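J.: got a predicted structure plus its sequence, pasted below:
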Amino acid sequence: MKKTKTIPSCKDCIKNNTVFKSLHQNDLDILGFEKSCNFYKRGDTVYHEGNRVGGVYCVSEGIIKIFKTGIDGKEQIIRFAKKGDIIGFRSVLSNDTACTTSKVIEDATLCFIPAESFINLVKENGDFSMKIMKLSCKELGEANKFIIDIAQKNVRERLAEVLLLLDDTFGTDNNKILQISLTREELANIVGTATESVIRLLSEFKQDGLIKLNGRKITLLDINKLHKISDIF
């Protein structure tokens, strides 16, 4: 981690329809003055579960993975944060230690908003408070869905659903290549299975003409069939 030479403007971030879009210009000016920004390389940890989070992080550039660590040290990826997303806010609101760990998987620039500044915004701006509440409910809903998937879907169905989730979150380019690069281990940590199982299933998907593989790059060839396999309604 290192300090950025220039601090990203909040005006640029709110163009991405972030929770800060409801803030008044005066609030944005104060936020711009009180925040600090740092550059993180792939593999850097932003905060660890069990530690205190001194504020909220807003992703200006890059991709962050949010995960919990099992008893055996294996990661279970819960979600990803990309440009315009915020992380660490629930720990700040609850005044509790972080329940997850966040690590950079694509070089990132993060703006750090001190806890006091964030809490003041929540208290003083009703629209902003509502957006934070909706975001919390959305993340809780996603967590509940993940629990159901783990309990009721087999690994093949979950992998298909993960590929569709990555498409929905990050999109594909003109060649249908997913715009996020993950290791096989990271894919396994999202699906909730062994790396070997993901490698085998990706090979099967490739043979069935559902995807194309080129290193970490995955091309989605048949979205409709992936939907059928994933059993998403």
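T.: Great, that's in hand. Nothing here was measured: the structure is a model prediction, and the numbers come from that model.
J.: can you count the residues close to Asp208?
T.: 12 (other C-beta atoms under 10 Å). To be clear about C-beta, it is placed using only N, CA and C from the backbone, and glycine gets the same treatment.
J.: how about Gly54?
T.: There are 14 residues near Gly54, going by other C-beta under 10 Å.
J.: can you classify the residue positioned nearest the centre of the chain as helix, strand or coil?
T.: When C-alpha atoms, centre = their mean is applied to the chain, the residue found nearest the centroid is Phe80 (1.4 Å). At Phe80 the chain is in strand, as set by DSSP: H, G, I helix; E, B strand; the rest coil.
J.: my read: Leu202 touches Leu213, true?
T.: Yes - using C-beta atoms under 8 Å, Leu202 and Leu213 qualify as a contacting pair, with a distance of 6.3 Å.
J.: between those two, which is the more surrounded one?
T.: Leu202 (18 against 12).
J.: ok, the more buried one - contacts?
T.: The contact partners of Leu202, by C-beta atoms under 8 Å, 6 or more residues apart in numbering, come to Leu159, Arg184, Leu187, Ile211, Leu213, Ile218.
J.: how does it look with 7 Å?
T.: Leu213 (C-beta atoms under 7 Å, 6 or more residues apart in numbering).
J.: start at 677, not 1
T.: All set: I'll call the first residue 677, so the last point we hit is now Leu878.
J.: now it: how far from Thr869?
T.: Distance of Leu878 to Thr869, given as C-beta to C-beta, to the nearest Å: 12 Å.
J.: what of Ile824?
T.: Using C-beta to C-beta, we find Ile824 at a distance of 16 Å from Thr869.
J.: ok, those two, which is more surrounded?
T.: Neighbours were counted for Ile824 and for Thr869 using other C-beta under 10 Å; Thr869 has more, 18 against 9.
J.: setting aside sequence neighbours, what's the nearest residue to the more buried one?
T.: The shortest distance from Thr869 to any non-neighbouring residue, by C-beta to C-beta, 6 or more residues apart in numbering, is to Val831 (4.8 Å).
J.: I'd like to know how far that neighbour sits from Lys779.
T.: Distance, Val831 to Lys779, by C-beta to C-beta: 24 Å.
J.: show me where this structure has its strands.
T.: 678-679, 712-716, 721-723, 731-745, 751-757, 762-763, 777-790, 887-890, 893-896 (DSSP state E).
J.: which stretch among these comes nearest Asn820?
T.: Ranking the strands of the chain by distance to Asn820, with C-beta to C-beta as the measure, places strand 751-757 first at 11.8 Å.
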